[in-house]
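1. Sequence plus predicted model, see below.
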Amino acid sequence: MRRPPLRAIYRALFYEFGPQNWWPGRTRLEICVGAILTQNTAWTNVERAIRNLREARALNLPALHAAPLNQLGAWIRPAGCFNVKARRLRAFTTLLAGQFGGRLEKLFALPAAELRATLLAVHGIGPETADSIALYAAEQPVFVVDAYTQRFLRRHGWIAEQATYAEIAALFAAQLPASVPLFNEYHALIVALGKNFCRPRPLCDKCPLAGMGLKPGP
DNA sequence: GACCAGGCACATC
DNA sequence: GATGTGCATGGT
């Protein structure tokens, strides 16, 4: 298994797609909310849900935490799985209100490992959501591994079929400087790659990474 | 009308 | 430990 040339891949993606300006959120709380709402969901649907919250003046911790679950669900309905996600948002606001005085800054002041463990202990926050919050909201140098990342690395023969989240994250951590702007841009570029080329059904002609792996294409 | 989307928890084997 | 399933809306 040849290890992926992660620096060259980054250059190729940046050349192809340019800066992605992630995360599209106005506040750190909005980024956290978006990270939970986007689970298995297209971003356009998350935008509708966040717009509803904003128009209801509920995009702040006191309002989010106080709203009845069915009201929360009604606001975020366009994001899908709304009953599940309403409970997940509530679990997150409960953590903030209960352990951090309702202040995101206090949560985000934790060291990266502790922040990650704290987030993972919240019902409904798994590895990708925790790392997205750590990187894009807390601005800690944590690499976000998502389905696109696993797919393009597998397609090109750079990781084993059964490679785990932790193994893939370790690849990036080992080969790249721990830089928030770099990790931010890199993950966003991988999503751009996934949306444009590395689809579930193979469609890899003209892929900007063609020729870089052992088995580019399907 | 299937398939997919910036996952996760839970049940079952 | 691995695999399957429910959650649910909206775009292609």
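-> Looks like it arrived, so ask away.

2. what distance separates the helix-or-strand element of chain A with minimal mean pLDDT from the middle of the whole chain?
-> One helix or strand of chain A scores below all others by mean pLDDT, DSSP states H and E: helix A:147-155, with a mean of 93. Centre-to-centre, helix A:147-155 and its host chain are 15 Å apart (CA atoms, centre = their mean, to the nearest Å).

3. for that helix, packing partners?
-> In terms of contacts (3 or more CB pairs under 8 Å, 6 or more residues apart in numbering; DSSP states H and E), helix A:147-155 is packed against helix A:165-175, helix A:180-196. Every residue, glycine included, has its C-beta placed from N, CA and C.

4. JSON lines please, covering these and showing mean pLDDT, distance to A:M1 and mean neighbour count.
-> Shown next, in JSON lines, are those (pLDDT from 0 to 100; distance: least, CB to CB, whole Å; neighbours: other CB atoms under 10 Å):
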{"stretch": "helix A:165-175", "mean pLDDT": "95", "distance to A:M1": "11", "mean neighbour count": "15"}
{"stretch": "helix A:180-196", "mean pLDDT": "96", "distance to A:M1": "19", "mean neighbour count": "19"}
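
5. Point out the one among these that comes closest to DNA strand C.
-> helix A:180-196 (10.2 Å; CB to the nearest atom of the strand).

6. Quick one: residues contacting the closest residue to A:L110 other than its chain neighbours.
-> Leaving aside its sequence neighbours, A:L110 sits nearest to A:T118 (CB to CB, 6 or more residues apart in numbering; 6.3 Å). By CB atoms under 8 Å, 6 or more residues apart in numbering, the contact set of A:T118 is A:95, A:99, A:107, A:110.

7. Any of those residues buried? List them.
-> When these are checked for burial by 16 or more other CB atoms under 10 Å, the buried set is A:95, A:107, A:110.

8. Present the residues you listed as TSV; the columns should include secondary structure and distance to A:S179.
-> As requested, these are exported to TSV (DSSP: H, G, I helix; E, B strand; the rest coil; distance: CB to CB, whole Å):
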residue	secondary structure	distance to A:S179
A:L95	helix	28
A:L107	helix	22
A:L110	coil	20
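
9. Roughly how far does the residue nearest to A:L110 sit from DNA strand B?
-> 13 Å (CB to the nearest atom of the strand, to the nearest Å).

10. what residues are up against the residue positioned nearest the centre of chain A?
-> Among the residues of chain A, the one closest to the centroid is A:S132, at 3.9 Å (CA atoms, centre = their mean). Residues in contact with A:S132 (CB under 8 Å, 6+ apart) are A:23, A:31, A:35, A:144.

11. Determine which two of these are furthest apart.
-> Within the contacts of A:S132, A:I31 and A:V144 form the most distant pair, 12.2 Å apart (CB to CB).

12. Alright, that wraps it up for me.
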